[in-house]
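Participant: need a 3D model of the following:
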Amino acid sequence: MPEGFFIAIVGEPGTGKTVLSLHFIHQGIVDGDKCIYVTTEEDRESLLDQVGRFGWNWEPFIGKRLIIIDALKGQEDPWSIQDMDIELLISKVIEAKKALGYGRSRLVIDSISAFWLEKPAMARKYSYLVKRVLGKWGFTAYLVSQYAVTTMFAFGWGVEHIADGVIRFRRKISGGVLKRYLMIEKMRNTRHDKRIYEIDITDRGLVILNPADLDIEHVTSI
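Facilitator: Okay, here's the model as predicted:
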């Protein structure tokens with residue numbers, strides 16, 4: 001993935017979006033990058049427990065290579081967000097980047113769609129603002145966007161329009177078994193694999209299995 005790209009990670013709940021995002025940040029820590037993870041779906045402690053189950057220990061890197069911004073609990077500490085406000089989010093991410101200092105940087109916002117759940121018409125405006133402002137800080141970013149399970153549409157279309165790339169997750173029941181799929185739908189000015197892959201989530205995290213012999217239209221929600 002090209003450095004400096006903003007990638008939309010889209011799909012229904014439970015398809016693997018967060019796990020892919022954790023891999024992205026973990027690899028950044030290993031590579032010595034400055035990493036920021038904004039979590040709206042689970043609190044900071046739960047996130048650290050989850051990466052621990054994959055055999056990763058992020059604790060020694062917190063404050064040095066990693067800052068986790070907790071937007072769920074709303075607790076009063078330096079790296080929490082009290083309100084789901086997009087400008088507050090941007091300001092807190094910049095503050096975290098300054099605290100970590102100079103260096104190649106990775107950012108995950110999981111999920112960005114949480115910031116416009118009550119006003120989806122603002123999705124494009126907010127997405128553009130995030131990319132325009134934070135893009136100046138040299139981030140390579142994953143912007144996670146949820147699908148509504150009932151409609152199969154994203155909560156607002158903005159993030160896919162402004163993204164340099166789109167990685168789409170889907171799922172279906174086959175023979176009574178839940179199967180998950182991933183495809184790189186878009187990667188601007190970059191040659192990439194256009195096949196759909198079946199994936200699995202194991203105690204090692206997300207594992208890519210074999211190319212799937214199906215069309216994305218045939219991979220529907222449960």
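
Participant: for the rest of this, base every contact and every neighbour count on C-alpha atoms.
Facilitator: Fine.

Participant: what about the chain, any weak spots by pLDDT?
Facilitator: Of all residues in the chain, those with pLDDT under 70 make up the ranges 74, 148-157, 215-222.

Participant: what ranges do the strands span in it?
Facilitator: Assigned by DSSP state E, the strands in the chain fall at 6-11, 34-39, 66-70, 105-110, 139-146, 165-174, 177-187, 197-202, 205-211.

Participant: just send those back as TSV, with mean neighbour count and distance to Ala121 too.
Facilitator: Output for these, formatted as TSV (neighbours: other Cα atoms under 10 Å; distance: least, Cα to Cα, whole Å):
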stretch	mean neighbour count	distance to Ala121
strand 6-11	27	18
strand 34-39	26	22
strand 66-70	24	25
strand 105-110	25	19
strand 139-146	25	15
strand 165-174	20	20
strand 177-187	18	23
strand 197-202	17	32
strand 205-211	14	33
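
Participant: switch these over to TSV; also include distance to Phe54.
Facilitator: Listed next are the strands of the chain as TSV, based on distance: least, Cα to Cα, whole Å:
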stretch	distance to Phe54
strand 6-11	21
strand 34-39	17
strand 66-70	17
strand 105-110	18
strand 139-146	20
strand 165-174	20
strand 177-187	19
strand 197-202	8
strand 205-211	6
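
Participant: out of those, nearest to Pro120?
Facilitator: Nearest to Pro120, of all those, is strand 139-146, at 11.8 Å by Cα to Cα.

Participant: give me the angle between that closest one and strand 34-39.
Facilitator: Strand 139-146 runs at 20 degrees relative to strand 34-39, counting by axes from the mean of the first three to the mean of the last three Cα atoms, to 10 degrees.

Participant: can you list the strands that strand 139-146 pairs with?
Facilitator: Neighbouring strands of strand 139-146 in its sheet, by DSSP bridges, are strand 6-11 (parallel), strand 105-110 (parallel).

Participant: out of the strands of the chain, which is closest to Lys98?
Facilitator: strand 34-39 (10.2 Å).

Participant: compute the inter-axis angle for that closest one and strand 66-70.
Facilitator: Going by the same axes, to 10 degrees, strand 34-39 makes 20 degrees with strand 66-70.

Participant: ok, the most centrally placed residue in the chain to Glu118 distance?
Facilitator: For the chain, the residue nearest the mean C-alpha position is Val144 (3.7 Å; Cα atoms, centre = their mean). Applying Cα to Cα, to the nearest Å, the value for Val144 to Glu118 is 17 Å.

Participant: residue contacts, Lys125?
Facilitator: Gly158 (Cα atoms under 8 Å, 6 or more residues apart in numbering).

Participant: how close does it get to Leu89?
Facilitator: Distance from Lys125 to Leu89, by Cα to Cα: 14 Å.

Participant: got a list of what the residue lying farthest from the centre of the chain touches?
Facilitator: Residue farthest from the centre of the chain, counting by Cα atoms, centre = their mean, is Gly175 at 29.8 Å. Going by Cα under 8 Å, 6+ apart, Gly175 touches no other residue.

Participant: follow-up on the earlier one: and the residue nearest to the centre of the chain, bridged to which residues?
Facilitator: Beta-bridge partners of Val144, as defined by DSSP bridges: Ile9, Asp110.

Participant: and Lys194, how many neighbours?
Facilitator: 10 (other Cα atoms under 10 Å).

Participant: same check, this time on Thr18
Facilitator: 22.

Participant: leaving out chain neighbours, which residue sits closest to it?
Facilitator: Asp110 (7.0 Å; Cα to Cα, 6 or more residues apart in numbering).
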